[in-house]
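Enquirer: need the 3D shape of this:
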Amino acid sequence: MTERQPLDEFDLKILSELQKDGRIRNNELADRVGLSEPPCRRRVRSLRERGYVSAIRATLDEKLLGYEVISYVLIQLQSQAQTTLQAFEKSITAIPLVQQSWRISGDADYLLKCVARNVEGMHQQLLQFSAMPEVRNIRTFPVLGVAKNAPLPISPNPATSDPAP
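Expert: Presented below is the predicted three-dimensional model:
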């Protein structure tokens with residue numbers, strides 16, 4: 001593994017501003033972080049190339065687009081064998097209503113974020129999961145509301161420190 005070039009004060013400011021508005025124009029970003037436009041553009045390109053910015057995309061409102069039910073689903077598999085993990089991941093990748101998936105440790109193997117048009121749609125998803133031969137147990141947590149949706153905290157040394165609580 002290659003060691004990452006450390007982030008300086010300008011890099012951190014750029015990352016913070018990009019989290020707030022990924023469509024910000026370079027001239028405005030440069031003004032906000034205290035750089036001229038060419039070095040700001042080079043730094044943004046470098047941050048992307050180094051993997052600090054993995055994507056810039058719009059955050060859509062699920063409910064306005066007709067997905068009334070958002071749920072988190074814990075999945076416990078029959079085993080943790082590599083073939084089982086790969087088969088499950090391949091299956092859920094093919095389901096568009098599974099928005100995000102994390103392999104986790106603890107009592108479950110995966111945490112999924114799913115959307116559905118209604119409760120019946122959520123029920124159909126659960127039936128689809130339970131039909132997968134790799135799945136042993138399913139626990140579902142429908143979302144009642146969002147209490148917090150914040151950007152990542154940006155600290156001077158992201159590799160070694162967490163911001164104060």
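Enquirer: count the residues that sit near Val44.
Expert: Here the number of neighbours of Val44 (other Cβ atoms under 10 Å) works out to 21. Where C-beta positions appear, they are placed from N, C-alpha and C, glycine not excepted.
Enquirer: now do Leu7
Expert: Considering only other Cβ under 10 Å, Leu7 is surrounded by 21 other residues.
Enquirer: for the closest residue to Glu62 other than its chain neighbours, which three-state class applies?
Expert: Spatial nearest neighbour of Glu62, chain neighbours left out: Val115 (5.3 Å); criterion: Cβ to Cβ, 6 or more residues apart in numbering. Secondary structure, DSSP: H, G, I helix; E, B strand; the rest coil: Val115 is strand.
Enquirer: how much space between Val115 and Gly106?
Expert: 24 Å (Cβ to Cβ, to the nearest Å).
Enquirer: same thing with Leu12?
Expert: 32 Å.
Enquirer: and the strands in the chain?
Expert: 69-77, 98-103, 110-116, 135-142 (DSSP state E).
Enquirer: still on that earlier bit, so for Leu12 and Gly106, which residue has more residues nearby?
Expert: Leu12 (17 against 8).
Enquirer: enumerate every residue touching Asp107.
Expert: 74, 76 (Cβ atoms under 8 Å, 6 or more residues apart in numbering).
Enquirer: mind pulling the model confidence for it?
Expert: Predicted confidence (pLDDT) for Asp107: 94.
Enquirer: one more: Leu85?
Expert: So Leu85 comes in at 97 (pLDDT).
Enquirer: list the contacts of it.
Expert: 77, 103, 109.
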